[in-house]
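A.B. asks: Sequence below, structure please.
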Amino acid sequence: EDLLAFRDTEGQPALVDAYCPHRRAPMFFGRNEECGLRCVYHGWKFDRHGNCTDMPSEPAGAPLQAKGKIKAYPCVENGGAGWTYMGPKELQPPEPDYEWLRAPATHRFVSKTFEACNWLQALEGGLDTAHVSFLHRDARNDSTLLAAIDGAPRLDVEVTDYGYYYVSTRKAHDKNYVRLYQYVMPNQQMRSNVLGHTGKRPKAPKIDGHVWVPVDDENVWVWNFMYSYDASTPIDEDYAWDYEKLAGRGKDDLIPGTFRLKANIANNYNVDRETQKKGLFAGIEGINTQDFALQEGMGAIVDRSKEFLGTTDKAIVTMRRLLLDATRAAEKGEPLRGLDPKTCSHVRAHDELVAPDQDWRALFATEGA
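C.D. replies: Okay, here's the model as predicted:
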């Protein structure tokens, strides 16, 4: 919230410190004019690199202009989202090249929501697979049938150059429901909705995911993306918004003019005990809203010293270890996982019903997972 995104007249995006160095005036109210951002307090103007290009309140040629800089960060637009790098310039990695960024606009949909908790517990909620069998269960219909049959998934985690992929295996009648997820460090998850939780291939098989971007220690932006599993099936806007509504973040679910959910901690996420009795496990409508209720309900920063981890927390434990390793590597200036686009540009998620005697790895390999 202390940074400001704007676009110069050449269409180039920029991210700068949101305060003018002259008496710290808020640049939120700045004028976007002539390839720069001008402070409305005293008229100082800055380009997208943070250089002061005009200082009308000071004598012409004043040496102060050369010193009047604000921090600026390189930005690109890709996949319906803005991307910025905020580290040392000499360590700047190549631009991201995830598969969902290369999908055409007709086959991709991106949205954003605001969540009032630390980014890490939101990420952990996204990586956790066991909760799907309970929190998102809805006995009023069969939308979570495959996951609800078996509440004790077996997890396999394979560490990679970009983070890891992990697989949950659930018993589903005479077969196994196998779902492969991707964790791309430090803050992205991909999951498959190709088969569909009901065992029936949906109208538009797709891959979904989130990128959790910290606002500060106690708030996070959640970027939600979906893209078609193959080129033959576009994702039309109506279909995408229907899914957003199912998730609880549809157009009518947001406070107007914001990315905040109407159902929030102030109204207990509109939990309905009668609906809970009738089969909606959490009593809260909206898959995304259910997640927010639990993740925000832990408090802004959860006390992990009081938790008890189980066998289905393998993905969470591995993620924490990788992040701790990454902090040590960053301190030493060593390369970090997930920064090289070549390591993760073609990874994807997948799900399938697999016979008990069949090797899911061989089956998924033919699907490009």
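A.B. asks: Surely residue 48 and residue 8 touch.
C.D. replies: Yes - between residue 48 and residue 8 a contact is recorded at 5.3 Å, counting by CB atoms under 8 Å. C-beta: built from backbone N, CA, C; applies to glycine.
A.B. asks: between these two, who's got more neighbours?
C.D. replies: residue 48 (21 against 16; other CB atoms under 10 Å).
A.B. asks: Helix, strand, or coil at the residue nearest the centre of the chain?
C.D. replies: Central residue of the chain (CA atoms, centre = their mean): residue 211, 1.7 Å from the mean position. Three-state call for residue 211 (DSSP: H, G, I helix; E, B strand; the rest coil): strand.
A.B. asks: Kindly report the same for the one 4 residues further on.
C.D. replies: With three-state DSSP as the basis, residue 215 sits in strand.
A.B. asks: thinking it is in contact with residue 221, fair?
C.D. replies: Yes - contact criterion CB under 8 Å: residue 215 and residue 221 qualify, at 6.1 Å.
A.B. asks: Name the residues contacting each of those two.
C.D. replies: Residues touching both residue 215 and residue 221 (CB atoms under 8 Å, 6 or more residues apart in numbering) are residue 114.
A.B. asks: Quick one: mean pLDDT over the longest helix seen in the chain.
C.D. replies: Counting residues, the longest helix found in the chain (DSSP state H) is helix 314-332. Regarding helix 314-332, the rounded mean pLDDT is 97.
A.B. asks: For it, name the packing helices and strands.
C.D. replies: helix 119-127, strand 154-159, strand 163-172, strand 175-184 (3 or more CB pairs under 8 Å, 6 or more residues apart in numbering; DSSP states H and E).
A.B. asks: What is the subsequent helix or strand relative to that helix?
C.D. replies: strand 350-354 (DSSP states H and E).
A.B. asks: quick one: contacts of that next one?
C.D. replies: Taking CB under 8 Å, 6+ apart as the rule, strand 350-354 contacts 146, 172, 175-180, 192-195, 199, 360, 363-364, 367-369.
A.B. asks: what is the rounded mean pLDDT of that strand?
C.D. replies: The average of the pLDDT scores along strand 350-354 is 93.
A.B. asks: That one: partners in the sheet, and parallel or antiparallel?
C.D. replies: strand 175-184 (antiparallel) (DSSP bridges).
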